[in-house]
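Peer 1: Have a look at this fold, sequence not included:
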């Protein structure tokens, strides 16, 4: 084999290794891996996952500085919600935002204030949607929180509707 042929083969091998490593990194970063076994979840974590799986978050969001306008409707359909790490949870969610309608596995940290789970993200990029900072708490059949997207932000709030998730 010529030097050019070996060099080309080496470059091809390096590209393949980079693609394999990159795919593994992206899969881990996006939380596409295995979920935490259900048996190892606490009772609160099991109830949280069960409540949100197959549900929809249906409510409204406001925009700060535009209080004279009515709140905007929002709906997030959740096919499943799974714990995948110490504080990381994967929300397999259909997100409709403006003209965008996309289903994504969104991995976010969930922290607990006693018996209340809260999504807490800061400068978090969701592919094709942008970068957000959010605090959303869940209690009973309701959710509420704040959101920031660039220079725009506001409040969000609504009900958790069981059976309203993707495919329902």
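Peer 2: All right, it came through fine. Please read all numbers here as calculations on a predicted model, not as lab measurements.

Peer 1: what sits opposite the spatially most central residue of the chain in the beta ladder?
Peer 2: By CA atoms, centre = their mean, the chain has its centre lying nearest to residue 106, at 2.4 Å. Taking DSSP bridges as the rule, residue 106 bridges to residue 91.

Peer 1: One more: the one 10 residues further on?
Peer 2: Under the criterion DSSP bridges, residue 116 forms beta bridges with residue 113.

Peer 1: How many residues are close by it?
Peer 2: Number of residues near residue 116 (other CB atoms under 10 Å) recorded here: 13. (Each C-beta comes from the backbone N, C-alpha and C, glycine too.)

Peer 1: ok, now residue 125?
Peer 2: Number of residues near residue 125 (other CB under 10 Å) recorded here: 10.

Peer 1: Buried residues in the helix or strand hosting residue 143, which are they?
Peer 2: Using DSSP states H and E, the element containing residue 143 is strand 142-149. Neighbour counts using 16 or more other CB atoms under 10 Å place 143, 145-149 of strand 142-149 among the buried residues.

Peer 1: What of stretch 148-163?
Peer 2: Across stretch 148-163, burial judged by 16+ other CB under 10 Å covers 148-149, 153-154, 156-158, 160-161.
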